[in-house]
Every structure is written in structure tokens, then in C-alpha cells.
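In: Next comes the sequence, and after it the predicted model I'd like to discuss.
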Amino acid sequence: MRAITKVVLPICTALACLLGCGGSSTSPAPTGTLAITLSSDSLPGFSQVVVSLETIEGTMDGSKWFTLGQPKGTVDLMALQNGHGVVVLPASKVYSGTYTQFRLTWSATNYQSAINLPAYVVPEGGSGQVLTMPTTTLVKGSVSVPANGAGQALFMFNGDQGVVSAPTSTTPYRFNATGQAFDPSNCGRILGTLSGPAARLAGVEVYAQTLDGLGTATLVRRAVSDASGNYELDGLPSGSIYFVAAQPANCLAQATSAGTLAAGASLTANLTFAAPVTSGTLTLALTPKSSSTQGTWGELRQSLAAGGVSPNLIVRSRPAVIGSAQDTATFLSVAPGTYGVTAQRSTSGAAPVILPGSQQAVTAGGTTTVTLTFP
């Protein structure tokens, strides 16, 4: 992780919260420490996603919860992607053991600005809008705190369904992000630059992905290249072979094999793109429309040469917009070619259901419309 901002916020540690958490003077004292960093994928379609965090709790058995701290902080998740993060809980006394779930309680207070909402989004090219938040969000993952030792946790929010857009709803923007907790010592990162014929490419989404035994690509992390064309994909679980792919607007997609990622390692994956071409549009219609507890997104996949093989990799991924009768994911400035169109839908943060879709051609200046139906 390239840059971590340390925030000095009021913290209520587990030790200080024993009485409020069901502890007593006879309870054993916490003997470990835990530091928590918050980070995020890029969130397509938005320039800001601001949320306010009140409390972090943890559980080892799924039933007994401990208050780990009260960060009382406000952060912009878009500022926490591309290798950046914020320490929301400095090393604080907690009970030792292996935590398997964490519960984040969101706040009704903006701790950065008294005149701004505690949660809001700014769509790309738009103005600030209310972001409807759940009361809590669960973040799953195994993080161990040794007795008389120090543990670390990285909470990474997933960008596939981070913010649900439903223009016809009474809550047009809803926070629906799922997250995962990692021990950063078991993770690595991939970084690189995106270049065109004459300059570095900024504002391009880059995808780190793995292949299963059947060769199906799963998007693990996403980030947007910065003003210098640099990107960083951090918080990547070690031990897997990673591929990196991207498709800038009006350009043919490119990919590379970053190789097997070891714990604590940094791999470099640079991508170079040819000159822009006349592009087309692909519109994906998804039925039935998502419910209030679902997140849905569409994907474009292509067979790309990478590391001596040609896997079918995700080159575009975009959350669907919920309409009155269906969900719609629109891919603009898509270079002509044949794409595998797929969609995924997650209910209440569960493992998503994937629709394999079909091969579709995108032509220069044309519009391709595809309809997929979830069971």
C-alpha cells in the first residue's frame, strides 16, 4: 500500500469499553493490540463517495461481539483506492484470538464538516447527492491477534456493487458495498503504468483478476490510474497467479500476466495501448430488476494474449442502474470486437450468481443491446 494516512480520532478501545460491551471487573484484560486500515476499490461512475464511521466491533465465534474502537471519522472512499488507505484504528488493546467478522456502524455525523451530510456521493460530472446508508456493514475475513502481540487488519471494500444507483427510487443512491478483512502480511500488490502512443493514460480502470480451474476470470481488485498514468492494486491475497487487464475509452484492450504473488511482494505490470479507434456502445439489460438488498453488475470479457496464454479476461465491469422494470449497464466507447457478456448479482452480500451470457459483436459507431435474465 503506497500511502496510508494516519488519522488522530477519538478511540474507545475494547479495554475502555468493557462495561459497555458486557464485560466486568472480573473479566480477563485484553492482552493484544490491533490496528485497522480502511481501503477501497475504485467505484465506477463517482468522483466522491463520502461515509462516516462510528464504531468497529469484532467477533471470534459469530455470537459474542467486542467493541474494538470508535473511530468517529469521515472518509472519502474514492481517495482510498489506488494504493491509498486510512488508519481508522491505531494499535489498540483488544482480546487476543482470531477474529472472523467485523461490524462497522455508520454515523449520522460528518466529522470533517458540520455543514455537509454524513454520507453523500458525487457522480462523475454531477453534484453531491444523498447516500443512503445501512445501519451496519459486516466485513468478513480471518485476522489473528496474538497474546501479548500485535495484529493488523486491512478492510477492503469491493467496487462491483459499492453504490447502487436507482434513479426512480425514493433512495436514488444506496451504499451496498461488501468488504473483506485481510491480514496485510499475507497480501501483496501489483503496480504499473498505462501508456498510449504519445502519453501516459489517466482515469482508466485497471483490473487484477485470477482464473479458476475452468479458466473463468474473477475480478479481485480494481483501481483507476492517476494523473500520471500510474495505478496500484493492493490488498491482493498472496499465492495466486494474477492477470492485469484494462481497456481505455476507444482503445483495444490489453492484458499481461503479473505472475504469482508472494506475501509482502510487489509485482510490476505495465500496459501499452495503441491509438484510439472509432468505438461503439454495448447496453446490457438485466431482468428481473434488483431488489433493495441486491447489487448487480455487468462485465465484458475478451480473449487476450498474456504471459504466453490467451485467457478470457474481464476488460470492462460496471454496476447496473436499477430502473422501473429492469437493470441497465451501459458500456460506452468500446473498441470494435467480440466480447463475452456476463452479469453477476449478489443478494445481501452473499456469493454472487453469475450469468455466462453470450458472445456479442461491437461495431464502430454501432449500438449492441443484450438482454440477460437471472433465474
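Out: Thanks, I have the structure now. Numbering: from 1, shown residues only.

In: How far off centre is the longest strand seen in the chain?
Out: Using DSSP state E, we find that the single longest strand of the chain is strand 46-59. With Cα atoms, centre = their mean, to the nearest Å as the basis, strand 46-59 stands 13 Å off its chain's centre.

In: what do you get for stretch 168-186?
Out: How far stretch 168-186 lies from its chain's middle: 7 Å, per Cα atoms, centre = their mean.

In: ok, now which ones touch the most centrally placed residue in the chain?
Out: With distances taken as Cα atoms, centre = their mean, Asn158 lies nearest the centre of the chain, 2.4 Å away. Shown in contact with Asn158 (Cβ atoms under 8 Å, 6 or more residues apart in numbering): 41, 177-180. C-betas here are computed from N, CA, C, even on glycine.

In: name the helices or strands packed onto the longest strand of the chain?
Out: Counting contacts by 3 or more Cβ pairs under 8 Å, 6 or more residues apart in numbering; DSSP states H and E, strand 46-59 packs against strand 32-40, strand 65-69, strand 73-76, strand 84-94, strand 97-106, strand 120-123.

In: Out of those strands, which gets nearest to Thr55?
Out: Minimum separation from Thr55 across those (Cβ to Cβ) falls at strand 97-106, 4.2 Å.

In: mind listing what's buried in that closest one?
Out: Of the residues in strand 97-106, 97, 99, 101-104, 106 count as buried by neighbour count, 16 or more other Cβ atoms under 10 Å.

In: Would you mind checking the average pLDDT for it?
Out: Across strand 97-106, the average pLDDT comes to 98.

In: who does that strand pair up with?
Out: strand 46-59 (antiparallel), strand 136-145 (antiparallel) (DSSP bridges).

In: Now it - C-alpha only, CSV.
Out: Taking Å, rounded to 0.1, in the frame of the first residue of the first chain, the C-alpha atoms of strand 97-106 are listed here in CSV:
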residue,chain,number,x,y,z
GLY,A,97,-7.6,-14.6,19.2
THR,A,98,-8.7,-15.0,15.6
TYR,A,99,-11.4,-12.6,14.6
THR,A,100,-13.6,-13.9,11.8
GLN,A,101,-16.1,-11.0,11.3
PHE,A,102,-16.1,-7.3,11.9
ARG,A,103,-19.1,-5.0,12.2
LEU,A,104,-18.9,-1.4,11.1
THR,A,105,-21.6,1.0,12.5
TRP,A,106,-22.1,4.1,10.3
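
In: Report the angle between it and strand 65-69.
Out: Here the directions of strand 97-106 and strand 65-69 differ by 70 degrees (axes from the mean of the first three to the mean of the last three Cα atoms, to 10 degrees).

In: What are the contacting residues of strand 97-106?
Out: The contact list for strand 97-106 (Cβ under 8 Å, 6+ apart) reads 34, 36, 51-62, 65, 68, 118-119, 133-145, 153, 155, 175, 179, 181.

In: where along the stretch 251-375 of the chain do the strands fall?
Out: 254-260, 266-268, 271-272, 280-287, 294-303, 312-319, 321-322, 327-334, 337-347, 353-362, 367-373 (DSSP state E, counting those that start in this stretch).

In: Now Ala274: closest residue in space, sequence neighbours ignored.
Out: Counting by Cβ to Cβ, 6 or more residues apart in numbering, Leu252 is the residue found nearest to Ala274 once chain neighbours are left out, at 5.9 Å.

In: An error on my part: the question was meant for Gly337.
Out: Val362 (6.1 Å).

In: can you pull the contacts of the one you found?
Out: Counting by Cβ under 8 Å, 6+ apart, Val362 touches 279-282, 334-339, 368.

In: And Leu43, by the same measure?
Out: By Cβ under 8 Å, 6+ apart, the contact list for Leu43 reads 49, 77-78, 81, 159, 162-163.

In: how would you label it: helix, strand or coil?
Out: With DSSP: H, G, I helix; E, B strand; the rest coil as the basis, Leu43 sits in coil.

In: can you give me phi and psi for the closest residue to it other than its chain neighbours?
Out: Sequence neighbours aside, Gly162 is the residue nearest to Leu43 in space, at 4.4 Å (criterion: Cβ to Cβ, 6+ apart). With angles defined as degrees, to the nearest 10, Gly162 sits at phi -60, psi -50.

In: So what's the residue count around Gly162?
Out: The tally of other residues near Gly162 (other Cβ atoms under 10 Å) stands at 26.

In: for Thr256, what are its contacts?
Out: Going by Cβ under 8 Å, 6+ apart, Thr256 touches 243-245, 269-271, 306-307.

In: rerun that using 10 Å as the cut-off
Out: Each residue near Thr256 by Cβ atoms under 10 Å, 6 or more residues apart in numbering is listed here: 190, 192, 242-246, 268-272, 304-307.

In: Can you flag which of those belong to helices?
Out: Judged by DSSP state H, helices contain none of the contacts of Thr256.

In: Name the nearest of those relative to Ser225.
Out: Set against Ser225, the nearest of the contacts of Thr256 by Cβ to Cβ is Ala246 (8.1 Å).

In: Okay, the closest one and Asn158: tell me how far apart.
Out: Per Cβ to Cβ, to the nearest Å, Ala246 is found 18 Å from Asn158.

In: Please indicate which of the strands paired with strand 97-106 has the most neighbours on average?
Out: Mean neighbour count (mean count of other Cβ atoms under 10 Å) peaks for strand 46-59 among the strands paired with strand 97-106, with a mean of 21.

In: Let me know the secondary structure of Pro30.
Out: coil.

In: Need the per-residue pLDDT for it.
Out: Per-residue pLDDT puts Pro30 at 91.

In: Counting neighbours, what do you get for the spatially closest residue to it that is not a sequence neighbour?
Out: Spatially, and ignoring its direct neighbours in sequence, Pro30 is nearest to Lys93 (4.4 Å; Cβ to Cβ, 6+ apart). Number of residues near Lys93 (other Cβ under 10 Å) recorded here: 17.
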